[in-house]
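K.L.:
Sequence and predicted structure, then a few things I'm wondering about:
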Amino acid sequence: MKKNKNMKYIKTASIFLTLLSVFTSSCQDFKKSNLTLLNNQIPTDTALVFGEGIISTDNYEFAITFTPEMDELFFTRRKPEEVNTIHFMKLIDGKWSAPKPAFFTSSKGWDFEPHINPKGDRLYFGSTRPLNDTIESSGLHQWYSEKNASGWSKPIPLEKPFVDRSVIMYLTSSENGNLYFTTGEKGDKPEDWVIYNLVKKDGQHKSIKRMGKEINSTGKWIAHSYIAPDESYMIYDFKSDLGFGKSDLYISFNNNGTWTKPHNLGPKVNTEQTEMAPSVSPDGKYLFFHRGESNENRGNIYWIDFIQIKKELLENINSN
């Protein structure tokens, strides 16, 4: 009898210690994430407004990106009757600074859709500003700033083959330097622009290539591609009659160089509104995206547990 009591005690203690370990680990993870400092609630299977009242306001916000350490962030804001402007925040002594226009804000043209590459040493963004003092911009071009010991450098435009295109939109980068973005051919209507990429070879970017039909054949307004650092998946948005709303987020997986068809991220992410401009936190935990009404110039940045969303989606795909 005494032996059974001891065994029961040992089993109960073991369960308690296991739960304590899980709880402690969860608390440590919560404490470690700088992003949690901007929200009272941490999302699980329901998308929440990110940085409500700070980042997401009564203005129109979209397209957010973070440094690998998640101690700096950039996002796009458009106030009523004004142009798109990229805003910047920095973590200082455990607190986030108030949003303010990025140092490279131009007095001419729009700046929007920033992206920090996985290494954290280059910040890309789109702009309609003049290409230089003598050449007015002929469209939407990509610019970049490099990170150095003193901070971010003065931005310069990407050169050929990018400047040959009138539109290069929402550029994101993988770890190996390959670039993914939205563009179109001469004469294409905006709703017919699709996803292109440019592979880095021998340290150079040489030719822009339209991605295959697996990515580009399913809808209209195909745009805003976020590439995973290891290129294992791509998240992007487009409009489809089979979707939930005006524009939905989809994910395509890279199987040994072959892309799967796009899979809708489902009702936990997509609604009857417009969902677009996805990005994933550098630690891979959270999916960020815009949700709103583009024709009414209102909408916010949302976030949700990406690990769980991806797991459930893959389980559903594998079971069918």
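P.N.:
Received it, and whenever you're ready, just let me know what you need. Everything numeric in this text was worked out from a predicted model, so none of it was measured.
K.L.:
Using the three-state scheme, assign Glu315.
P.N.:
Under the three-state scheme (DSSP: H, G, I helix; E, B strand; the rest coil), Glu315 adopts helix.
K.L.:
Quick one: residues contacting it.
P.N.:
If a contact means C-beta atoms under 8 Å, 6 or more residues apart in numbering, then Glu315 has no contacts. Using the backbone N, CA and C atoms, a C-beta is placed for each residue, glycine as well.
K.L.:
ok, it to Glu296 distance?
P.N.:
Shown here: Glu315 relative to Glu296, a distance of 37 Å by C-beta to C-beta, to the nearest Å.
K.L.:
One more: Ser240?
P.N.:
To Glu296, Ser240 is 22 Å away according to C-beta to C-beta.
K.L.:
Settle it for me: which of those two has more neighbours?
P.N.:
Comparing Ser240 with Glu296 by neighbour count (other C-beta atoms under 10 Å), the higher total belongs to Ser240, at 17 against 8.
K.L.:
ok now do the nearest residue to that one once chain neighbours are set aside, which residues does it touch?
P.N.:
Leaving aside its sequence neighbours, Ser240 sits nearest to Gly219 (C-beta to C-beta, 6 or more residues apart in numbering; 4.0 Å). Residues in contact with Gly219, defined by C-beta under 8 Å, 6+ apart, are Phe238, Lys239, Ser240, Gly243.
K.L.:
Could I get these in CSV, plus columns for distance to Phe103, pLDDT and secondary structure?
P.N.:
Converted to CSV, the contacts of Gly219 look like this (distance: C-beta to C-beta, whole Å; pLDDT from 0 to 100; DSSP: H, G, I helix; E, B strand; the rest coil):
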residue, distance to Phe103, pLDDT, secondary structure
Phe238, 34, 97, strand
Lys239, 35, 95, strand
Ser240, 39, 94, coil
Gly243, 38, 92, coil
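K.L.:
Among those residues, which one is most surrounded by other residues?
P.N.:
Counting neighbours by other C-beta under 10 Å, Phe238 leads the contacts of Gly219 with 23 neighbours.
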